[in-house]
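Visitor: After the sequence you'll find the predicted model.
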Amino acid sequence: MKIAKKISFSAILVAVAVVILYFGSLIDVVTLSVAAVASFSVMITVAELGYFTGLGVYAAASLLSLLLLPSKEAAVIFAAFFGFYPIVKGLADKLKKPLAYTVKTFVFMVSFTVSLLVFIFFFSLPPDKWFFYLLMIIPGLAVFYIYDYLFTKIIIYYFGTLRKKLGISKYFKQS
């Protein structure tokens, strides 16, 4: 495959992720949702071009969104978890199920902790809110498992239907 095709496809997916994250910076209540939706650009990159290129799309989208967006919350959430999760999921799902869930849970817990620390130290989260955010880890895990399940279903839908409808299958071999 020509390098120009890979670069242009990756650049389009970076732009899509940044635009989606921009909507999250405009409307505060959809911050988590837009970060999750933006992660599908990384998923498509991993599916079509591999983990290394997916890592590049994640890094570029994270950096651009952190630099350009007026509100950084969606960008931080994308950079801290949702952006690289498609890469982690792709690699972890190659392991046996119990180990895969252990790896994915560990990554979620570390990401949650890092995100909390970023909001505490860089965005001056008031100390009276720290306990509330720590309590959110249990429902956060439940939502994470639902997200992981739905992410799997979307990957299946992507390869079964969406890839052909978008015309991507003409340009890239089936992975």
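Guide: In hand now; what should we look at?
Visitor: Now name the helix or strand holding the residue lying farthest from the centre of the chain.
Guide: Most distant residue from the mean C-alpha position of the chain: residue 128, 28.9 Å away (Cα atoms, centre = their mean). Assessed by DSSP states H and E, residue 128 sits inside helix 127-135.
Visitor: what does that helix rub up against?
Guide: 116, 119-120, 125 (Cβ atoms under 8 Å, 6 or more residues apart in numbering). Any C-beta I mention is one placed from the backbone N, CA and C, and that applies to glycine too.
Visitor: Next: stretch 30-42.
Guide: The set of residues external to stretch 30-42 that reach it, using Cβ under 8 Å, 6+ apart, is 13-14, 16-18, 20-21, 23-24, 54, 57-58, 61, 73-74, 77-78, 81-87, 147, 151, 154.
Visitor: Would you mark the buried spots in that stretch?
Guide: For stretch 30-42, the neighbour count (16 or more other Cβ atoms under 10 Å) marks 30-32, 34-42 as buried.
Visitor: same check, this time on stretch 69-84
Guide: 69, 72-84.
Visitor: what's the span of that stretch, first residue to last?
Guide: By Cα to Cα, to the nearest Å, the extent of stretch 69-84 from end to end equals 19 Å.
Visitor: before we move on, what about stretch 91-103?
Guide: 10 Å.
Visitor: tell me which helix or strand of the protein sits lowest on mean pLDDT?
Guide: Least confident helix or strand of the chain, by mean pLDDT, DSSP states H and E, is helix 127-135 with a mean of 73.
Visitor: what ranges of this structure fall below the confidence cut-off?
Guide: 1, 130, 173-175 (pLDDT under 70).
Visitor: Compute the number of surrounding residues for residue 9.
Guide: 20 (other Cβ atoms under 10 Å).
Visitor: actually residue 52, sorry about that
Guide: 10.
Visitor: Then residue 53?
Guide: Residue 53 - counted by other Cβ under 10 Å - has 18 other residues nearby.
Visitor: do the one 3 residues further on as well
Guide: Under the neighbour criterion other Cβ under 10 Å, residue 56 is assigned a count of 17.
Visitor: which SSE is residue 94 in?
Guide: Using DSSP H and E, residue 94 is not contained in any helix or strand.
Visitor: quick one, what contacts it?
Guide: Contacts of residue 94 by Cβ under 8 Å, 6+ apart are residue 100.
Visitor: before we move on, the earlier item: and the helix holding residue 128, C-alpha only, in PDB?
Guide: The C-alpha coordinates for helix 127-135 follow below in PDB (Å, rounded to 0.1, in the frame of the first residue of the first chain):
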ATOM      1  CA  PRO A 127     -10.600  18.800  47.400                       C
ATOM      2  CA  ASP A 128     -14.300  18.400  48.400                       C
ATOM      3  CA  LYS A 129     -14.900  16.800  45.000                       C
ATOM      4  CA  TRP A 130     -12.100  14.200  45.200                       C
ATOM      5  CA  PHE A 131     -14.100  11.800  47.300                       C
ATOM      6  CA  PHE A 132     -17.000  12.000  44.900                       C
ATOM      7  CA  TYR A 133     -14.800  11.100  41.900                       C
ATOM      8  CA  LEU A 134     -13.200   8.200  43.800                       C
ATOM      9  CA  LEU A 135     -16.700   6.900  44.500                       C
END
